[in-house]
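1. When you get a sec, could you give me coordinates for this:
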Amino acid sequence: MSRILSPSLVVGLVPIMLVIALWQALVSFGFAPAVLLPPPGFVFGRLLQQLVTWTFQQEIAATLVRLFAGFAIAVVLGVGIGIAAAVNPATNAVVRPIVRVLAPLPKVALYPALLLLLGFGHGSKITLVAADALFPILLSTYYGASTVEQKLIWSAMAAGTPRYEILFKVVLPAAMPSILTGCRIGLVISCIVVFLAEMITSTDGLGHALVTAARTFQAVDMFVPLITISLLGLILNALLGALRSYLLRGFPEA
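-> Model (predicted):
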């Protein structure tokens, strides 16, 4: 029981409970009408009802499919390009100006073009998620791989280790803390972007459920997808954090 209620978990729950308490206070003291801002008890009660329905489960599944597909593409491309740019000067010379131009660009501005090219299905949304999550992972990978201590690489080369084995046995493991940090940032971005994309144009998913409820002035149902995507983000972030702790169990900072 003591391990479950760890100090870090308790500290993390305090701000969430304060937000819920403020939410309840705004409704109770009449600062916001219940029609527009329903009490949190109503919202969470409705969430429990929705979670057991097949329709809402399909909405969650559609969102998760797009989220995981886009995030997976971003991880593969980000780690691959980041390591290639760190170990190969020619690749670095090509990638660096592209990253400087595209990284600050709001990727959602590209969404209309993606809709024209890929249609209104999964493709455009997955591509938008991948494009937004790519750069934090790429930059974190590049930083981690480029700061690997040279003496580790020299020691491996002196031992006769082939270059491709040095990449996978020295550079990649040494850069893993930075890579996983970028992945956690990319995962949070993926949750935000997939929800936004479904709000803009979709026929299913949590974002679509929110827009549908808003159009019919169903305030309680409008808050349910918001709470759901927040809980999914918390769960996925916790799982990735646990994976990070497992993979980095030999690192001092882990």
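
2. Report the secondary structure element holding the spatially most central residue of the chain.
-> Centre of the chain computed as the mean C-alpha position; nearest residue by Cα atoms, centre = their mean is residue 187, 1.6 Å away. Residue 187 belongs to helix 172-200 when assigned by DSSP states H and E.

3. what's the average pLDDT for that helix?
-> Helix 172-200 carries an average pLDDT of 93.

4. Please identify the buried residues of that helix?
-> Burial within helix 172-200, assessed by neighbour count using 16 or more other Cβ atoms under 10 Å, is assigned to 172-191, 193-200. Every residue, glycine included, has its C-beta placed from N, CA and C.

5. helices and strands around the helix or strand hosting residue 98, which ones?
-> For residue 98, the element it lies in under DSSP H and E is helix 89-102. Using 3 or more Cβ pairs under 8 Å, 6 or more residues apart in numbering; DSSP states H and E, the elements in contact with helix 89-102 are helix 54-87, helix 122-146.

6. ok, then the element right after the helix holding residue 187?
-> Using DSSP H and E, the helix or strand that follows helix 172-200 towards the C-terminus is helix 206-215.

7. Wait, residue 225 touches residue 202, no?
-> No. Assessed by Cβ atoms under 8 Å, residue 225 is found out of contact with residue 202, at 11.7 Å.

8. neighbour count winner among those two?
-> For residue 225 versus residue 202, the count of surrounding residues by other Cβ atoms under 10 Å is larger for residue 225: 28 against 24.

9. And the pLDDT for the more buried one?
-> Reported pLDDT at residue 225 in the predicted model: 95.

10. where's it, which helix or strand?
-> Secondary structure assigned from DSSP H and E places residue 225 in helix 219-247.

11. Remind me what that helix packs against, helices and strands.
-> Helices and strands in packing contact with helix 219-247 are listed as helix 40-51, helix 54-87, helix 172-200, helix 206-215; criterion 3+ Cβ pairs under 8 Å, 6+ apart.

12. residue ranges with poor pLDDT in the stretch 51-200 of the chain?
-> Across the stretch 51-200 of the chain, nothing is flagged by pLDDT under 70.

13. Could you rerun that using 90?
-> Low-confidence segments of the stretch 51-200 of the chain (pLDDT under 90): 86-89, 102-110, 112, 116, 119-122, 144-175.

14. if I look at residue 45, how far off is residue 227?
-> With distances defined as Cβ to Cβ, to the nearest Å, the gap from residue 45 to residue 227 amounts to 11 Å.

15. oh sorry, the question was meant for residue 97
-> Taking Cβ to Cβ as the criterion, residue 97 is separated from residue 227 by 42 Å.

16. Same drill for the two, tell me which one is more crowded.
-> For the pair residue 97 and residue 227, the greater number of neighbours falls to residue 227 (16 against 9), based on other Cβ under 10 Å.

17. so that one makes contact with residue 46?
-> No. At 9.3 Å, residue 227 does not count as touching residue 46 under the criterion of Cβ under 8 Å.

18. May I ask which helix or strand encompasses residue 11?
-> With elements taken from DSSP H and E, the one containing residue 11 is helix 7-28.

19. what does that helix rub up against?
-> Contacts to helix 7-28, defined as Cβ atoms under 8 Å, 6 or more residues apart in numbering, come from residues 31-32, 34, 37-41.

20. Pipe the residues you listed into TSV and attach pLDDT per row.
-> As requested, the contacts of helix 7-28 are exported to TSV (pLDDT from 0 to 100):
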residue	pLDDT
31	85
32	81
34	78
37	88
38	90
39	91
40	91
41	90
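
21. Quick one: buried ones out of those residues?
-> For these, a neighbour count by 16+ other Cβ under 10 Å gives the buried set as 38, 40.

22. which of the contacts of helix 7-28 sit farthest apart?
-> Farthest-apart pair in the contacts of helix 7-28 is 31 and 41; separation 17.1 Å (Cβ to Cβ).

23. ok, now how distant is residue 43 from residue 228?
-> Remark: distance between residue 43 and residue 228 (Cβ to Cβ) = 10 Å.
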